[in-house]
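Participant: sequence and predicted model, in that order:
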Amino acid sequence: MVKVTSHKKPSPHYFTFSPSHQQKHRHCGIIAIRWFLLALLLAILYAVYINLIAVVRDGVDRPILTSSTFAHLFTTAPKQSIPFISGTNSHNNDSDGQDTTINQRQDTTTTTHDNIIKIAHAISLIKCAKEASVTGFLDAAAVLRHSIHKTSWHTKHPDTRLPMSKYSYQMYAIVHAENCASQAPLLEALGYTALIRHNPVNLSDIINESYRKNVPNENCCGLDEFIKLHAYTLEDHPIVVHWDLDVALLQPLDELYDSMLYDKTSPEGQAARAKVQLSYPQQRLPDRIDAFYTKDITSSQPWELRQGIQGGFLIARPSQELFDKYVAMITQGNYLQGRGNGFGWAGMGHGGFQGAMAYQGATAYMYDVLVPGVGVPVNPCVYNQVVADVLWRGPVRMEHHLQCRQYPHEGYTFENNTLETGACQDCRITPVAETKSVHYTVR
């Protein structure tokens, strides 16, 4: 007997999915898309993170999203270090076991930019007793750092698309060890390398009894203000700029940096020196420049030869030797109480004005007397603009009424030491476009 097998026609659903299978497949597809979008979001966030780290650490402002953003996530390109003139960036002055650096960033931080010199920009955090004031100072520190970045090599000019400056930057915060050490991590978060430092000179070590007794009450901070001098120890940088916190940089300062770094006979040096805005017309630049600063016009009097340096702005060539000279000078404390000629530091006239016993008087005495001929006062209406009233208005010595507050320079007498003769400039009407840096006040 032959068994007949029935060959049934395939079911119409043989090559299709059941409705339940279709739903499961669609659900899996949705999950896959969600995972892809999540991965894309994480990649974008990672790219943003890399950019922020670069800005804080190196001052490198990378575009957040570019055609190579995602390639960067999976490849590691070799990077090179920014060369420096000298040194290995050792800023820990811890020979006495006291000074420390928190989370110190190396000047040789890897970056893709070659042959770019970094200028050291330093601030000092001296008094931190009032929490509200500290908060305001931290805001100011963020503004200052941003303004330096926007006028540096890392920002392109909106018209030429060329770098705003030929110089990069490194931010430092000199933090008073006894008064402000707890604020160091916050400054680190703002992109500063925090250098916790003690006073260069202990009060008990000062020899002159009168100076030892009076300096603690000088100006805002007394002896504590001298932590600013630690900026001179940043010798791994060719130039250091010490700023007050309440400052913003509006334009690059390349003409000042170039004047210090290039020989005066070189094309670069000559071009730079021609652009420097000096404090008075007949002023001549020395062969070698080790410092630029502005004089403190608001505390000056026309009949006084000596003026203090305005403490919010000092461009200097770092020098451990000069730092040691300051320490020796302060330790000796050869300061005569009083104002005018015959008083102040070594009786040379640097006395009686605001901050004379502290930073403003000590720096003026250093560059006027101890190391003369290497410091250059520049135009306070252009650099470190404080919108000063430069004219004497009394109430004493009214024979000098409406004369320039600064002592008559070469070619001028008291009688023609006026705005009309060009002996000084009214900073209150100086156009903003001509101003390089502004110095406001944080209270």
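Facilitator: Looks like it came in fine.
Participant: for the rest of this, base every contact and every neighbour count on C-alpha atoms.
Facilitator: Fine.
Participant: pretty sure residue 121 is in a helix, no?
Facilitator: No - with DSSP: H, G, I helix; E, B strand; the rest coil as the criterion, residue 121 is located in strand rather than a helix.
Participant: contacting residues for it?
Facilitator: The neighbourhood of residue 121, defined by CA atoms under 8 Å, 6 or more residues apart in numbering, consists of 169, 170, 171, 172, 240, 241, 242, 243.
Participant: of these, which is the nearest to residue 275?
Facilitator: residue 241 (18.8 Å; CA to CA).
Participant: show me where the stretch 151-300 of the chain has strands.
Facilitator: 168-176, 193-197, 240-243, 247-249, 291-295 (DSSP state E, counting those that start in this stretch).
Participant: closest to residue 226 among the contacts of residue 121?
Facilitator: Using CA to CA, the contacts of residue 121 come closest to residue 226 at residue 242, 12.2 Å.
Participant: show the pLDDT at the nearest residue to that closest one once chain neighbours are set aside.
Facilitator: Sequence neighbours aside, residue 122 is the residue nearest to residue 242 in space, at 4.7 Å (criterion: CA to CA, 6 or more residues apart in numbering). pLDDT for residue 122: 98.
Participant: now do residue 122 against residue 241, distance only.
Facilitator: Distance of residue 122 to residue 241, computed by CA to CA, to the nearest Å: 6 Å.
Participant: pull the distance from stretch 193-201 to the chain's centre.
Facilitator: Remark: stretch 193-201 is offset 16 Å from the chain centroid, using CA atoms, centre = their mean, to the nearest Å.
Participant: cool, stretch 140-156 as well?
Facilitator: The answer for stretch 140-156 is 9 Å, by CA atoms, centre = their mean.
Participant: so residue 367, which of the three states?
Facilitator: Going by three-state DSSP: residue 367 is helix.
Participant: pull the number of nearby residues for it.
Facilitator: By other CA atoms under 10 Å, the residues close to residue 367 number 18.
Participant: one more: the one 4 residues further on?
Facilitator: Residue neighbour count, defined by other CA under 10 Å, stands at 13 for residue 371.
Participant: for the stretch 201-350 of the chain, what spans make up the helices?
Facilitator: 209-214, 254-261, 267-275, 320-332 (DSSP state H, counting those that start in this stretch).
Participant: wait, which of those helices is closest to residue 149?
Facilitator: helix 254-261 (13.8 Å).
Participant: against which helices or strands is that closest one packed?
Facilitator: For helix 254-261, the packing partners by 3 or more CA pairs under 8 Å, 6 or more residues apart in numbering; DSSP states H and E come out as helix 267-275.
Participant: buried residues in the helix it packs on?
Facilitator: By neighbour count on 16 or more other CA atoms under 10 Å, the buried set for helix 267-275 is 269, 270, 272, 273.
Participant: now swap in stretch 283-297 and tell me
Facilitator: 285, 289, 290, 291, 292, 293, 294, 295, 296, 297.
Participant: any idea what the fourth one is bridged to?
Facilitator: Taking DSSP bridges as the rule, residue 291 bridges to residue 316, residue 375.
Participant: next up, the contacts around it.
Facilitator: Here residue 291 is in contact with 260, 314, 315, 316, 317, 374, 375, 376 (CA under 8 Å, 6+ apart).
Participant: for it, give its distance to residue 187.
Facilitator: If you go by CA to CA, the gap between residue 291 and residue 187 works out to 27 Å.
Participant: likewise the first one?
Facilitator: Separation of residue 285 from residue 187 (CA to CA): 37 Å.
Participant: same check, this time on the second one
Facilitator: From residue 289 over to residue 187 the distance is 31 Å, taken as CA to CA.
Participant: what's the spacing between the most centrally placed residue in the chain and residue 251?
Facilitator: Nearest residue to the geometric centre of the chain (CA atoms, centre = their mean): residue 121, 3.1 Å. For residue 121, the distance to residue 251 equals 15 Å [CA to CA].
Participant: strands of the stretch 301-443 of the chain, start to end?
Facilitator: Counting by DSSP E, counting those that start in this stretch, the strands of the stretch 301-443 of the chain are 309-316, 335-336, 344-345, 375-377, 437-439.
Participant: the first one vs helix 254-261, what angle?
Facilitator: For strand 309-316 and helix 254-261, the angle between their directions (axes from the mean of the first three to the mean of the last three CA atoms, to 10 degrees) works out to 70 degrees.
Participant: tally of neighbours for the residue lying closest to residue 434 once chain neighbours are set aside?
Facilitator: Of all residues not flanking residue 434 in the chain, residue 382 sits nearest, at 6.3 Å (CA to CA, 6+ apart). Neighbours of residue 382 under the rule other CA under 10 Å: 24.
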